[in-house]
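>>> Sequence and predicted structure below; questions after.
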Amino acid sequence: MAEAVLQVENLAAAYRKQTVLHDVDVEVEAGSLTGIVGPNGAGKSTFLKTILQLHPALSGTVRYFGLPFKKAKKRIGYVPQRGSVDWDFPTDALDVVTMGLYGQIGWFKWPSRSHQKKAYEALDKMGMADYANRQISQLSGGQQQRVFLARALVQQADLYFMDEPLAGVDAATERAIMTTLKELKARGKTVMVVHHDLQTVADYFDHVLLLNRTVIDHGKTKEVFTNDNITRAYGGNMRLLREEQQHVVHSLK
């Protein structure tokens, strides 16, 4: 196995005294593009928030590149769910992306011209350069998602976590995001993505983490993303899975 960039052991988390994650053990190798897949309420977003210390853990240890989070956080990028962001905040797209550089700039310093150039180039990469001075509240959902991905890219992290970056976006934005994620993987970066569309998992990801409050299975897509494992992960929701499973069988042949 390649270098482990993320090691999670015995992780548990709860909301309002109800356990939503338990006994989660995960080891992620460098240079992988992993889809985090499971039914609604499986704890996928909670998993990301907990390992990033945005939600308290009940138990468990998490190490990045062999280090605790505080010593590794400059190497980590995060794109939250679009619905969790206050899009009415009075700022433009370029400022949002520049915020991704505050680890380099310092919180109480003005960004330099070179910092703004990096932010603009990240927007341009996501096809959003023409919207640099547009208020984020005036952008469409897909455009907002591109801006947040640009903010993550400008960090030049080694490990990226993305919480449903493809949810509710148009087909062109979905293609642009996946092209970017595959480019990151090709450059040796590691990317973990919460993803809800079973029909595209086999095409988009080389690794899969099947999660339903605990790890159902984790590994290479062709080995893990099987009908048996999908049934285990989704339990009795078989009506919703019939067409998706047929597609999975076809995709993995």
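Sure, I can see it.

>>> Name the nearest residue to Gly77, sequence neighbours excluded.
Ala157 (3.6 Å; Cβ to Cβ, 6 or more residues apart in numbering). (Glycine included, C-beta is placed from N, CA and C.)

>>> for the stretch 151-253 of the chain, which spans come out with low pLDDT?
236-253 (pLDDT under 70).

>>> Identify each buried residue in stretch 76-90, please.
76-82 (16 or more other Cβ atoms under 10 Å).

>>> And the residue nearest to Gly77, how far from Arg16?
Here Ala157 is placed at a distance of 32 Å from Arg16 (Cβ to Cβ, to the nearest Å).

>>> circling back to that earlier point, the buried residues of stretch 76-90 in helices, which ones?
Judged by DSSP state H, the buried residues of stretch 76-90 include no members of helices.

>>> Next, format these as a markdown table and append distance to Met192 and pLDDT.
A markdown table is the format used below for these (distance: Cβ to Cβ, whole Å; pLDDT from 0 to 100):
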| residue | distance to Met192 | pLDDT |
| --- | --- | --- |
| Ile76 | 11 | 91 |
| Gly77 | 11 | 89 |
| Tyr78 | 10 | 88 |
| Val79 | 11 | 87 |
| Pro80 | 13 | 86 |
| Gln81 | 14 | 85 |
| Arg82 | 17 | 75 |
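
>>> Could you work out the most separated pair of those?
Pairwise distances across the buried residues of stretch 76-90 peak at 19.6 Å for Ile76 and Arg82 (criterion: Cβ to Cβ).

>>> Give me the next element, helix or strand, following the helix or strand that contains Phe161.
For Phe161, the host element (DSSP states H and E) is strand 159-163. Next helix or strand after strand 159-163 toward the C-terminus (DSSP H and E): helix 171-186.

>>> Tell me which other helices or strands the helix or strand following that following helix touches.
Under the assignment DSSP H and E, the closest C-terminal helix or strand after helix 171-186 is strand 190-194. When contacts are defined as 3 or more Cβ pairs under 8 Å, 6 or more residues apart in numbering; DSSP states H and E, strand 190-194 packs onto strand 4-15, strand 18-29, strand 33-37, helix 44-51, strand 159-163, helix 171-186.

>>> how about 6 Å then?
strand 33-37, strand 159-163 (3 or more Cβ pairs under 6 Å, 6 or more residues apart in numbering; DSSP states H and E).

>>> mind saving the C-alpha coords of it as PDB?
Extracted in PDB, the C-alpha atoms of strand 190-194 (Å, rounded to 0.1, in the frame of the first residue of the first chain):
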ATOM      1  CA  THR A 190      -5.500  12.800  -2.500                       C
ATOM      2  CA  VAL A 191      -9.200  13.600  -2.700                       C
ATOM      3  CA  MET A 192     -12.200  12.300  -0.700                       C
ATOM      4  CA  VAL A 193     -15.700  13.200  -2.000                       C
ATOM      5  CA  VAL A 194     -19.100  12.600  -0.400                       C
END
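
>>> how far is the helix or strand just after that strand from where the chain is centred?
Scanning forward in sequence from strand 190-194 by DSSP H and E, the next helix or strand is helix 198-204. Averaging C-alpha positions (Cα atoms, centre = their mean, to the nearest Å) puts helix 198-204 15 Å from its chain's average.
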